[in-house]
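Engineer: sequence plus predicted model, see below.
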Amino acid sequence: MITVIGSGAGADLGSWAGEAALVVDVRGDELTETELDLVEKHVSGGGTRVIVRVLGDPGFFGVVRTLEERFGPDGIDVRPGPTAVGLAFARLGLPWDDAFVVGGSALDRAVNVCRAHPKVAVLPGPGVGPAELGGELLHRVASRTLVVFSALGDPFRERFERVEPAEAMCRSWEGVSLVLCLDESRQDGPAPTVTGPLTGPGRWALPDAEFGGDGESGADGPSVLPYEARALALARLGPRAGDLVWEIGTGCGAVAIECARLGAAAVAVEQTASGVERIRANTAAHGVEVRVVHGSAPTVLSHLADPDGVFIGGGRELRSIVLTAGRRARRAVVVAVTALEQVAAVRSALASCGLATDGVLLQSQRLLALPGGSSTMAPTAPVFLVWGTR
């Protein structure tokens, strides 16, 4: 068994030292390969306790991830202490549920987060420290303060100081535990309802072929909404973490899958068995969670929770579907149709639900490579996008 003890965990190491075959004191946030090999050697002997002692919470940008990958979660007993980030914000008397936390493995990512957000904690790493952050931020932002913590958690050596980026850039720093990057002119905001890792797709409006389509139209609308139209549909839906989005009647799940990739919960409603299987296959291929409901809208919609946004790509009872979605959507409804005569009916239905309506006709010309290195243009099927916002 590997026991991981974070400082401040309330555990007395002395009571376990006699049982331990090995005690490893971790400097920084990670075990070296030599230390890992040494731990594995003792663990493989069976029945011998190994103690890994670290600063703070080892499950927060710490050694638990490394140990779990190598030894599995059942072989680890974790006794966490206060996180370095929690301690740092506590020293300043600030909440940190709205802070971004960045691991110090890439300077450009840390700098970009500091540029975009007013409250950021940066865990230092090679090439990512106060001097490097100060140098990059100096001419890129109007106002930032760096709070540099050294020997954080040590009752005798801990200290912190506030510096401007210009000063941080010109100094040599040693023993840095954490750097807070603060825009003190705009720290206060509404309390967040969701916290979690800084994640998200690197791109959206994915190629039609990733959902089994080519941009061509079927009898009831586009079989896969062309990515040019999908980009606008996603912009009007605005999916984000904590949202619920319905997709109705597309038979491929492209919009629901893209919303899930952007952090929203998603439900895809489809009346055909072949469409249901296609959505499930596409969902599995993109590694996201989309609930698939097999049935006809609007009937099956009564069993679903109210959505923040709805995308409608088809359905035999289009007006009834639009009315149901418009009455229940908290933020937006986007409808794709291919016939001009459907536009007025959809817009009227959305307006009757108290939504402000708008729309566009989209038909793009895509580049098509020809032999010899030349190019031509290939038209996509025209799509009307009509939307209503609350």
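Structural biologist: Structure received. Numbering: from 1, shown residues only.
Engineer: for stretch 60-72, buried residues please.
Structural biologist: Going by neighbour count (16 or more other CB atoms under 10 Å), the buried part of stretch 60-72 is 60-64, 66-68, 70-71. Quick note: C-beta positions are derived from backbone N, CA and C, even for glycine.
Engineer: from the residues you listed, pick the one nearest R316.
Structural biologist: Distance to R316, by CB to CB, is smallest for E68 among the buried residues of stretch 60-72, at 50.4 Å.
Engineer: for that closest one, list the residues it contacts.
Structural biologist: When contacts are counted by CB atoms under 8 Å, 6 or more residues apart in numbering, E68 touches I76.
Engineer: that one: which element?
Structural biologist: Remark: E68 resides in helix 63-71, with elements defined by DSSP states H and E.
Engineer: now the helix or strand following that helix: average pLDDT?
Structural biologist: The element immediately downstream of helix 63-71 (helix or strand, assigned by DSSP H and E) is strand 76-79. Mean pLDDT, strand 76-79: 89.
Engineer: same check, this time on stretch 86-94
Structural biologist: In the prediction, stretch 86-94 has an average pLDDT of 93.
Engineer: in that stretch, which residues are buried?
Structural biologist: Those would be 87-89, 94, for stretch 86-94 by 16+ other CB under 10 Å.
Engineer: repeat for stretch 347-364
Structural biologist: Buried residues in stretch 347-364, defined by neighbour count with 16+ other CB under 10 Å: 347, 349-350, 353, 355, 357, 359, 362, 364.
Engineer: now intersect the residues you listed with the helices, please.
Structural biologist: Among those, the ones falling in helices (DSSP state H) are 347, 349-350.
Engineer: nearest to V176 among the residues you listed?
Structural biologist: Distance to V176 across those (CB to CB) is lowest for L350, with 55.0 Å.
Engineer: so that closest one is in contact with R327, correct?
Structural biologist: No. Taking contact to mean CB atoms under 8 Å, the distance of 10.2 Å between L350 and R327 leaves them out of contact.
Engineer: thinking again about what came up before, export the buried residues of stretch 347-364 as a markdown table, with columns for pLDDT and distance to S44.
Structural biologist: A markdown table is the format used below for the buried residues of stretch 347-364 (pLDDT from 0 to 100; distance: CB to CB, whole Å):
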| residue | pLDDT | distance to S44 |
| --- | --- | --- |
| R347 | 97 | 69 |
| A349 | 98 | 68 |
| L350 | 98 | 65 |
| C353 | 98 | 65 |
| L355 | 98 | 64 |
| T357 | 98 | 67 |
| G359 | 97 | 66 |
| L362 | 95 | 62 |
| S364 | 93 | 60 |
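Engineer: for those residues, name the two members farthest from one another.
Structural biologist: Spatial extent of the buried residues of stretch 347-364 (CB to CB) is set by the pair C353 and S364 at 30.0 Å.
Engineer: give me the number of residues near V52?
Structural biologist: V52 is flanked by 25 other residues according to other CB atoms under 10 Å.
Engineer: and it, that's in a strand?
Structural biologist: Yes. Applying DSSP: H, G, I helix; E, B strand; the rest coil, one finds V52 inside a strand.
Engineer: no further queries at this time; thank you.
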